[in-house]
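Peer 1: Based on what follows, work out the 3D shape:
(one chain, ligands or ions: 2)
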Amino acid sequence: MERTLIIFKPDAVQRGIVGEVMTRFEKAGFKIVGLKMLQPSEEHYHKHYEGIGTLKTRKGNEIFESTLLSMQEGPVIAMVLEGVEAVSTIRKMVGSTEPKSALPGTIRGDFAHVNYNQATTTGRAVANIVHASADLNEAKQEIDHWFKKEEIFDYRVVHEHFTQPKS
Ligand code: GDP
Ligand code: MG
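Peer 2: Residues are numbered from 1 along each chain as shown. Ligands and ions are numbered 1, 2, ... in the order given. Take a look at the predicted model:
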């Protein structure tokens with residue numbers, strides 16, 4: 001089983017759509033193994049977005065700095081989900097980074113519509129509801145960065161009846 005990190009960004013928390021989005025992951029059968037609200041420091045986001053996510057290297061300092069500021073606008077909800085190929089399947093459910101380009105049916109396509117240009121000219125990160133780990137390596141590093149070992153729980157859900165070997 002894979003684990004991946006989801007963050008409900010300040011725009012999702014402030015719009016009151018966390019429950020609705022979380023339901024999508026539960027309905028798809030992903031198991032919530034960690035969940036908490038927090039308002040991390042700039043240093044925490046620096047490591048998340050550059051140390052692990054290489055955002056400054058990939059997209060430049062302006063977008064990096066505006067992303068750090070946008071993420072500090074309020075509390076976020078961090079969640080660890082577990083499931084079969086959770087990392088890539090959840091990225092598919094989340095959709096493209098830019099809501100304008102995200103397909104209908106994806107979280108970013110259904111709950112937002114804004115584009116890079118509009119966001120960048122207002123000095124903001126494009127508000128796209130959730131963060132989701134991009135690959136398995138990023139997921140492992142991000143979960144270690146956001147959660148202590150004792151904040152991750154091991155329990156059974158009924159879906160596992162259908163993913164475990166037949167007895
Ligand atoms: P993600 O993995 O799909 O979230 O995309 P990235 O890791 O490339 O970027 C991290 C976050 O930075 C995105 O979710 C956006 O909030 C923000 N961001 C990325 N690219 C841009 C951009 O071109 N313009 C603006 N305004 N924000 C961006
Ligand atoms: Mg990313």
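Peer 1: Helix, strand or coil: sort out the residue most central in space within the chain for me.
Peer 2: For the chain, residue 131 is the residue whose C-alpha lies nearest the centre (Cα atoms, centre = their mean; 2.4 Å). Under DSSP: H, G, I helix; E, B strand; the rest coil, residue 131 falls in the strand class.
Peer 1: what's across from it in the sheet?
Peer 2: Assessed by DSSP bridges, residue 131 has beta-bridge partners residue 7.
Peer 1: how close does it sit to ligand 2?
Peer 2: For residue 131, the distance to ligand 2 equals 7 Å [Cβ to the ion, to the nearest Å]. Just so you know, the C-beta spots here come from the backbone N, C-alpha and C atoms, and that holds for glycine as well.
Peer 1: residues in contact with that residue?
Peer 2: 5-7, 9 (Cβ atoms under 8 Å, 6 or more residues apart in numbering).
Peer 1: I figured residue 95 hits residue 104, correct?
Peer 2: No. Between residue 95 and residue 104 there is no contact under Cβ atoms under 8 Å: 9.1 Å.
Peer 1: More neighbours: those two, which one.
Peer 2: Legend: neighbour count by other Cβ atoms under 10 Å for residue 95 and residue 104, higher for residue 95 (24 against 7).
Peer 1: ok, what's across the strand from the closest residue in space to that one that isn't next to it in sequence?
Peer 2: Nearest in space to residue 95, with sequence neighbours left out and distances taken as Cβ to Cβ, 6 or more residues apart in numbering, is residue 106 at 2.7 Å. Residue 106 has the following beta-bridge partners by DSSP bridges: residue 104.
Peer 1: what residues are up against residue 106?
Peer 2: 92-96.
Peer 1: Which residues outside the helix or strand bottoming out on mean pLDDT in the chain are in contact with it?
Peer 2: Sorting the helices and strands of the chain by mean pLDDT, DSSP states H and E puts helix 116-121 at the bottom, at a mean of 94. Residues outside helix 116-121 that contact it (Cβ under 8 Å, 6+ apart) are 62-63, 66, 98, 100, 125-127.
Peer 1: State the pLDDT value of the residue nearest to residue 95.
Peer 2: pLDDT, residue 106: 98.
Peer 1: Please apply the same query to residue 2.
Peer 2: 98.
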